[in-house]
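Peer 1: Build the 3D model from these lines:
(one chain, ligands or ions: 2)
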Amino acid sequence: MSDCIFCKIVDGKIPAQKVYEDEDILAFNDINPARPVHVLVIPKRHITSLATVSDDDTAVLGKILAKANEIAVAQGSPDGFRVIINTGRVGQQEVPHLHAHIVGGPEPVGPMLKRI
Ligand code: 5GP
Ligand code: ZN
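Peer 2: Numbering: from 1, shown residues only. Ligands and ions are numbered 1, 2, ... in the order given. Okay, the predicted model is just below:
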């Protein structure tokens, strides 16, 4: 998607602080971190949201979750983290390229975040 900001990060047209990358997914620091560790994990292939996934996306969705702990530990959240996937209008998703927020740090993240 040529006008998608996260596709542009995948393509290297917009800079990002990458923390993990393989052939299917990319993880980079959120530009406006809500906690000491705040990483976005995205499929490299454009998927708009959890509301638009198909069976073809099952493997990459699983990979995003399967890599979350490794990414969180490496970034300074060794004792757990929270995963948030805002979806669509009601979920107040702002960037229409599916992404999992991994939030954490040395201390507990507190109650459910009001807005991430
Ligand atoms: P959403 O509300 O869609 O779940 O979250 C979008 C997230 O993307 C926000 O936390 C926002 O700070 C982050 N974000 C938006 N634009 C950029 C960008 O250009 N670079 C990075 N690294 N993060 C971004
Ligand atoms: Zn995209």
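Peer 1: dump the residue contacts of the residue nearest to Val60 when sequence neighbours are not counted.
Peer 2: Of all residues not flanking Val60 in the chain, Pro43 sits nearest, at 4.6 Å (Cβ to Cβ, 6 or more residues apart in numbering). The way it works is simple: take the backbone N, C-alpha and C, and place the C-beta from them, glycine included. Neighbour list for Pro43: 24-25, 57, 60-61, 64, 98 [criterion: Cβ atoms under 8 Å, 6 or more residues apart in numbering].
Peer 1: would you turn those residues into TSV with secondary structure and neighbour count?
Peer 2: Shown next, in TSV, are the contacts of Pro43 (DSSP: H, G, I helix; E, B strand; the rest coil; neighbours: other Cβ atoms under 10 Å):
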residue	secondary structure	neighbour count
Asp24	coil	13
Ile25	strand	21
Asp57	helix	15
Val60	helix	17
Leu61	helix	17
Ile64	helix	21
Leu98	coil	26
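Peer 1: Could you single out the nearest of these to ligand 1?
Peer 2: Leu98 (9.3 Å; Cβ to the nearest ligand atom).
Peer 1: number of nearby residues for Glu70?
Peer 2: 11 (other Cβ atoms under 10 Å).
Peer 1: Near ligand 2, which residues of this protein are found?
Peer 2: For the chain, the residues in contact with ligand 2 (Cβ under 5 Å from the ion) are 1, 4, 6-7, 46, 97.
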